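Sequence below, structure please.
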Amino acid sequence: MTPPTDVIDELAGVRADGTIDALRRRRPVTRDQLQASHDALFEPVDDAHLALAERALVAAFATRLTADDATAAWHARHAVEVAGAERAAVVLAEAVGAAASGPYGAYREDGLRDESTDGPRYRPSVEVAEQLGERLAAALVHAHLLTFRPREADDTALAALRDAGWSVDGIVTLSQLVAFLAFQQRVAHGLLVLADTDRQDAAA
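Numbering: from 1, shown residues only. As a prediction, this is how the structure comes out:
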C-alpha cells in the first residue's frame, strides 16, 4: 500500500525512518494538520470562490517572491500542471521581478513610526494584466501586499479585490492561502537546515 503524500516531507527531502522523520512523528497531530491544511487549500471540495488554477498560480507567485527554494519549485511545477505552462511562466516571471526581502510598511502607532520602512510595491503592467485577467492580476497584487506589507492590507486593498470580481469568501480563502504558504515555506526551510546539520554531525 502506497503511503499517503506528505508535502512537507517531499519539500524537505525527509527520508523515511530518518532523524527528521522521527522528529516529525513526535508531533503526529501537528504533522497531520499541516498536510490537511495543504489538502484543503489545493484539493478543496468546492473551488467556486477561488479556482484551482488561481490557487496554483498565486502559490507559485507568492513562494517565489521570497526564495528560490524547494517550496517555490514545487509550486511552480504544480502551477504548470494545473494552470498550463504559458500562464505559469508569466506569473513566475512577475514573481522574479517583484521579489524582495521585506517586510515593509508604515506603523501608525506612536513609538513605532520610526521603524516604518518603505519598499517596492507590485503592480503588473497593462500587458501582463491583460494576459492574466483583471481577477488574477488583482490576486497577485494582494499576495505581494500580504507577503511584504501586511500592515497595509486595509479596506482600500480589499476594495481593489472586490472591484476585480472577488467575493468575500474568495478574499478570505486567498488570504488564508498566502498565510499558509509563508508558514509552509518556513517549516520546509527549517527542516532542511536541521537535516543538513544532522548530516554534518553524522559525518564529523
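
Checking the residue most central in space within the chain next. Helix, strand or coil?
Central residue check for the chain by Cα atoms, centre = their mean: the C-alpha nearest the mean position is that of residue 181, 3.2 Å away. Under DSSP: H, G, I helix; E, B strand; the rest coil, residue 181 falls in the helix class.

contacting residues around it?
Contacts for residue 181 (Cβ atoms under 8 Å, 6 or more residues apart in numbering) come out as 59, 62-63, 71, 75. Every residue, glycine included, has its C-beta placed from N, CA and C.

Go through those residues and name the one nearest residue 146.
Nearest to residue 146 out of those is residue 62 (Cβ to Cβ; 8.0 Å).

name the element the residue nearest to residue 147 when sequence neighbours are not counted belongs to?
Distances taken as Cβ to Cβ, 6 or more residues apart in numbering place residue 65 nearest to residue 147, at 5.4 Å, with adjacent residues excluded. In the assignment (DSSP states H and E), residue 65 maps to helix 52-66.

What count of nearby residues applies to the nearest residue to residue 64 once chain neighbours are set aside?
Nearest non-adjacent residue to residue 64, counting by Cβ to Cβ, 6+ apart: residue 95, 3.8 Å away. Residue 95 is flanked by 24 other residues according to other Cβ atoms under 10 Å.

quick one: residue 95 from residue 67, how far?
Distance of residue 95 to residue 67, computed by Cβ to Cβ, to the nearest Å: 11 Å.

if we can go back for a sec, for the host helix or strand of the residue nearest to residue 64, the distance to its chain's centre please.
Using DSSP H and E, the element containing residue 95 is helix 85-98. Put simply, helix 85-98 sits 14 Å off its chain's centre (Cα atoms, centre = their mean, to the nearest Å).

Right, I'll leave it there.
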